[in-house]
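# Generate a structure from the sequence data that follows.
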Amino acid sequence: MPKINGNEIRPGNVLEHNDGLWAAVKVDHVKPGKGGAFAQVEMKNLRNGSKLNERFRSADKVERVRLEQRDMQFLYEDDGMLIFMDTETYDQVQLPADILGERRPFLQDGMTIVVEFYDSEALNATLPQKVVCKIAETEPVVKGQTAANSFKPAVLDNGVRISVPPFVGQDEDIVVNTETMEYSERA
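The predicted structure follows:
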C-alpha cells in the first residue's frame, strides 16, 4: 500500500491508522504562527462508525488504502441489514442499514449502487448521485410565479422533506441530488 505524507490527506481518502480503516471526512490545513504546519483530520472508522480527530504533520507518513468498488443491486432489507447482490457473480453481501445515514430513504428496490470492498470485506455503500422521486404533497402551482430564488416545501413519496421551485406540482417526478439532498430538475 502506498504511504503518503500527512499534508497530502484529502477528504474521502481511506487510511490505515491505529490498526483500523478510517475515512477522512474533513481536513483542515493549519499554519500556526509558532511551530510547523499540520493537517487537522476528522476521521470516521469504516468498521464501527466511531470518529477520531488526529493531527498529521507533513513529515508523518500514513498508509493510504485503495478500496475495490463494485456495482451491486439492492435486493431487500432484513432485520436492519441491507442485502445487495453482485450483478456478475450473484454473490450476496449484507451491510447495516445505517451505513447510508439520512440518505437511506432514497434507496429503492432493484437500484444499482457502488459497494466498496477491502479484500473481501464490504465496508461502504454509495448511492447514485441523482435519483428520481415522486412528489407526494406540496402546495398547488401558482400561475405567474417565477422561479427566481423562491422555493416551497414538498414531501416526497419516500417521506423526505425538500424544497422545490414553485412551478413543480404534486404527483410530478423530479430528480433529487442524493449528496446535497436538494431538488435538481424535473424528470
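# and after the helix or strand bottoming out on mean pLDDT in the chain, which helix or strand comes next?
For the chain, using mean pLDDT, DSSP states H and E, the weakest element among its helices and strands is strand 121-126, scoring a mean of 84. Stepping forward along the backbone from strand 121-126, the first helix or strand reached (DSSP states H and E) is strand 130-138.
# Can you tell me the closest non-neighbouring residue to Arg186?
Of all residues not flanking Arg186 in the chain, Ile174 sits nearest, at 5.8 Å (Cβ to Cβ, 6 or more residues apart in numbering). Every residue, glycine included, has its C-beta placed from N, CA and C.
# what about that neighbour, which SS state?
Under DSSP: H, G, I helix; E, B strand; the rest coil, Ile174 falls in the strand class.
# Break this structure down into its domains, please.
As assigned by automatic domain parsing, the chain contains the domains 3-65, 68-126, 130-186.
# where's the second one relative to the chain centroid, distance-wise?
It refers to domain 68-126. Once both centres are worked out by Cα atoms, centre = their mean, to the nearest Å, domain 68-126 turns out to sit 13 Å from its chain's centre.
# Any idea how far apart the tips of that domain sit?
The first and last residues of domain 68-126 sit 13 Å apart, counting by Cα to Cα, to the nearest Å.
# what residue is smack in the middle of the protein?
Among the residues of the chain, Thr126 comes closest to the average C-alpha position under Cα atoms, centre = their mean, at 5.5 Å.
# Give the bridge partners for that residue, please.
With beta bridges defined as DSSP bridges, Thr126 has these partners: Val114.
# if I read this right, the residue nearest to Arg186 contacts Ile135, doesn't it?
Yes: shown here, Ile174 and Ile135 form a contact pair, counting by Cβ atoms under 8 Å, at 6.3 Å.
# what do these two both touch?
Val164, Val168 (Cβ atoms under 8 Å, 6 or more residues apart in numbering).
# From Ala122, how far out is the closest residue to Arg70 other than its chain neighbours?
If you skip the residues right next to it in sequence, Arg70 has Val115 as its closest partner in space, 5.6 Å away by Cβ to Cβ, 6+ apart. Note on Val115: its distance to Ala122, by Cβ to Cβ, to the nearest Å, is 5 Å.
# Now the common contact residues for those two.
Residues touching both Val115 and Ala122 (Cβ under 8 Å, 6+ apart) are Phe84, Val93, Leu95.
# Low-confidence stretches in this structure?
For the chain, the stretches with pLDDT under 70 are 1, 144-148.
# Would you map the helices across it?
Assignment of helices within the chain using DSSP state H yields no ranges at all.
# hmm, back to that, what's the burial count for the residue nearest to Arg186?
Taking other Cβ atoms under 10 Å as the neighbour definition, Ile174 ends up with a count of 20.
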